[in-house]
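Chemist: Sequence first, predicted coordinates after that:
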Amino acid sequence: MQDHFDAPHVGFAHNLFGKFEMEVLKTIVNTAEDGRFYLVDTVEKDGKLWLVTAWLEKGFLPERMVRIDDLRACKATPSPDGRQRAHYALDKPLPRALFDGSDLGDLKYQYEVRDGDEV
């Protein structure tokens, strides 16, 4: 996860060799365990908004996605200097296990997560 606040990278992946084309946005997320804030890649897929916590191939193939449109994701507001650092923000801290690739345990019943072939 990116732990600093630069201007967000927004881009479209190229549709090469039949790969899925995605616009990559940014969401401000904080983790429940340490309260730190992170900028996390975010995509819209199947009409839903997803954090991409791991990529197999950046912009083309997510490895793990966590659905956030049902977690009260709101549009982020620009900073006082007018820079837009993120597109969305979550007001609820998320468990670090959603991001670090570890076993989800009971979290798989609390969050909609897609891994590997489910993506």
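Modeler: Right, received. Where do you want to start?
Chemist: what about the strands in this protein?
Modeler: Listed in chain order, the strands of the chain (DSSP state E) span 11-12, 23-30, 37-45, 48-57, 61-67, 74-75, 88-89, 113-115.
Chemist: So for Pro95, which of these sits nearest?
Modeler: Nearest to Pro95, of all the strands of the chain, is strand 61-67, at 10.0 Å by CB to CB. Just so you know, the C-beta spots here come from the backbone N, C-alpha and C atoms, and that holds for glycine as well.
Chemist: so that closest one versus strand 23-30, what angle?
Modeler: 50 degrees (axes from the mean of the first three to the mean of the last three CA atoms, to 10 degrees).
Chemist: Now strand 61-67: buried residues?
Modeler: Pro62, Arg64, Met65, Val66, Arg67 (16 or more other CB atoms under 10 Å).
Chemist: related to what we said a few turns ago, would you turn the strands of the chain into TSV with distance to Arg96?
Modeler: Below are the strands of the chain laid out as TSV (distance: least, CB to CB, whole Å):
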stretch	distance to Arg96
strand 11-12	27
strand 23-30	10
strand 37-45	10
strand 48-57	10
strand 61-67	12
strand 74-75	22
strand 88-89	18
strand 113-115	14
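Chemist: quick revisit: out of the buried residues of strand 61-67, which one sits closest to Phe37?
Modeler: Nearest to Phe37 among those: Val66, at 16.3 Å, using CB to CB.
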